[in-house]
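Asker: below are the sequence and a predicted model for it; my questions follow.
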Amino acid sequence: MKNILFFLLILSIAKGIGQNKQVLYNFAELPQTLLSNPGTEVKYKSHFGVPLFSGFSMDFGSSGFVLTDLFSIDNNNINDKISFVLNNLTTKDFVKFNSQREIITAGFRVDDAYVSFGFYKEIDAIVYYPKDVITLLNEGNAAYLNKRFRFSQLLYKADIVGVIHAGITKKVSKKLTMGGRFKIYSSALNTESIGNTGTFTTTEGTDNIYKHYLNNININIKSSGLVGVDDEFIDQPSAYLNNTFLGDNLGVGFDVGATYHITPQLEFSGSILDFGFVHHKKNIKNFTAVGSFFTEGINLQYDSNNPKNYWQELSDNFEEQIPANGNGDSYISWRPTKLNAAMKYSFGEKRSEICYDDTYKIFYTDAVGVQLYSVFRPLSPQLAFTAFYQKSITNKFHTKLTYTADDLSYHNIGAGFSAQYGKVNLYGMLDNILEYTNLSSANSLSFQLGMNVIFN
C-alpha cells in the first residue's frame, strides 16, 4: 500500500497541474504585460510576437514537502520517509502546476487606444492533500476508533484550455490609462471534485467487534474531454490540441485593469483577470455517490437448508443506501480569477524616449514598489506579496529584481530582463533563484521567456 501511495504522490507531482507572474507584471512595457494588466501604459505603435516563441511560462509549486524529503541519501528507508511526509502534511497543503504557451500575439495603435489580440494555450491544476482519506487507505481504521474521516478533503481541479482574446487599452487622461480584454475559452480537458461531504467513523460494536458509519456521503467527480463516445479514455494528443481552438466546450471571460499616476513619480496599478467560466457539454463523464450507510459486520450463520450469500447481501445493501451513478450531464466550471494591485515609486536619472506620436516622454531609470496578488482557488484564495526594484540600464535594456512571500516560500528571489535590439525584443524571467543550486529542495519554480518584434 505504501508503494502505491508513493506512486500516486509522485504522479500528482508530475501531472498535478494560476500563476503569479510578479516579475512580468508591469515590467518594461513588454506586450506580454498586457495579459497581466490590460490597463498598462503602451508607448509603441505596434507589435507582433514571434509565433510559438513570443511567450512561454511555467510555474510549479508544492507545499508541505520537497523531493529531498523522499530521496535524500541517509539511513532511513523509503517507507519511513513516505510515512513521515504523509504524517506531516495538512489538508491545506497542495501541489500546483501552470504552463502557458503563446501561439499568436499582436497589437496596433488606433489614435490614443491600443488594440491587442492573440491565442494561447494553458494548463492549470491544483491538487489538495486529502489527509483523512490517505490515512484511512494507508493505516486502516483499527487505530482510529471514533475518529471522523472527512471526504470533504477530496479536492482538486485541472484544466487544459485554449484562449482566444482581444483587448483595448486607452489613455483616458495624462494620469489615467484603462483597459479591458474579452476572452473565449475552449476547454480540451477539465476534471474537478469540489464540494464533497460525508464522514466515515468506526466505533466499538455491540453484536460484533466494530460498528462502521458512513454519514451524509455526497461525493461528485466531474470531467469533460477525458472520455469519448464509447466510454473509452481519449489518448490521442491531437484530439486535445484540436479542442483548444473553438472546440465543443466553450466559455467566456474578461480582464480589466488600470494605471493611475498619483504624481509624476508615484503610480498605482491594478487588474482583475480571468473572470469567466466554461460550459462543458461534450464528452462528459461524471460520477456521484450520495447517501448514508451503517454496518456492524457480518454474523455468519450456516444453514445448509437455506444458504445465504452474506457478502452479496452486504454489497446490495451498500449500493441501495449509497447508490453510485455515472452521468453525462453538462456543467459549468469557473476559471481561477486573479487580482493584482501594485504601487510603484520612480526615481533616479531622468531620461526621455520617443513615443508613438513622435513626442518625447520623460521616465526615471529606477523604481521601487510593492505588489499584492491573489488567485481564487477551490479551498481558499492564495495570496502573494512582492517587493521589487526596477533598473533601466539604457533606454533599451531593463532589469527587475523581486522578493516574494507566499504559501510556498518566504525567501523567493526573482529577476528578469528585457532587451531590445533594433525592433527585436527579448525577455526572460526567473523565480526562486536561490533554489536553482538544488532543484530537488525547491518548493516552487517559475520562469518566463519570449521574443517580440516591436515598432516604436
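Answerer: Received it, and whenever you're ready, just let me know what you need.
Asker: P381: neighbouring residues, count only.
Answerer: When neighbours are defined as other C-beta atoms under 10 Å, P381 has 12 of them. Quick note: C-beta positions are derived from backbone N, CA and C, even for glycine.
Asker: leaving out the residues flanking it, which one is nearest to R377?
Answerer: I126 (5.9 Å; C-beta to C-beta, 6 or more residues apart in numbering).
Asker: same question for S330.
Answerer: K281 (3.9 Å).
Asker: from G251, how far out is that neighbour?
Answerer: 11 Å (C-beta to C-beta, to the nearest Å).
Asker: next: K121.
Answerer: 15 Å.
Asker: do L34 as well
Answerer: For L34 relative to G251 (C-beta to C-beta), the value is 21 Å.
Asker: which of those two has more residues huddled nearby?
Answerer: L34 (26 against 20).
Asker: spit out the contact partners of that one.
Answerer: Residues in contact with L34 (C-beta atoms under 8 Å, 6 or more residues apart in numbering) are T40, V42, G107, S116, G167, T169, G179, R181.
Asker: same question for Y403.
Answerer: T386, A387, F388, N412, I413, G414.
Asker: select only the buried ones of those residues in PyMOL?
Answerer: Selection of buried members from those for PyMOL, criterion 16 or more other C-beta atoms under 10 Å:
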select buried, resi 386+388+412+414
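Asker: can you redo the contacts of Y403 as TSV with secondary structure, distance to E192 and pLDDT?
Answerer: Output for the contacts of Y403, formatted as TSV (DSSP: H, G, I helix; E, B strand; the rest coil; distance: C-beta to C-beta, whole Å; pLDDT from 0 to 100):
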residue	secondary structure	distance to E192	pLDDT
T386	strand	29	93
A387	strand	34	95
F388	strand	34	95
N412	strand	28	86
I413	strand	33	90
G414	strand	30	90
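Asker: now, the most widely separated pair of the contacts of Y403?
Answerer: F388 and N412 (11.8 Å; C-beta to C-beta).
Asker: and for these two, which residues touch both?
Answerer: Joint contacts of F388 and N412 (C-beta under 8 Å, 6+ apart) are T402, Y403.
Asker: surely the residue nearest to S330 touches G328?
Answerer: No: contact criterion C-beta atoms under 8 Å: K281 and G328 do not qualify, at 9.0 Å.
Asker: about what we covered before: so which of the contacts of Y403 comes closest to E204?
Answerer: Distances from E204 to the contacts of Y403, taken by C-beta to C-beta, are shortest for N412, at 49.6 Å.
Asker: nearest spatial neighbour of that closest one, chain-adjacent residues omitted?
Answerer: Using C-beta to C-beta, 6+ apart, the closest residue to N412 is T404 (4.2 Å).
Asker: does that neighbour sit in a helix or strand, and which one?
Answerer: strand 397-406 (DSSP states H and E).
Asker: distance from the chain centre to that strand, please.
Answerer: 21 Å (C-alpha atoms, centre = their mean, to the nearest Å).
Asker: which strands border that strand, and is each parallel or antiparallel?
Answerer: strand 382-392 (antiparallel), strand 412-421 (antiparallel) (DSSP bridges).
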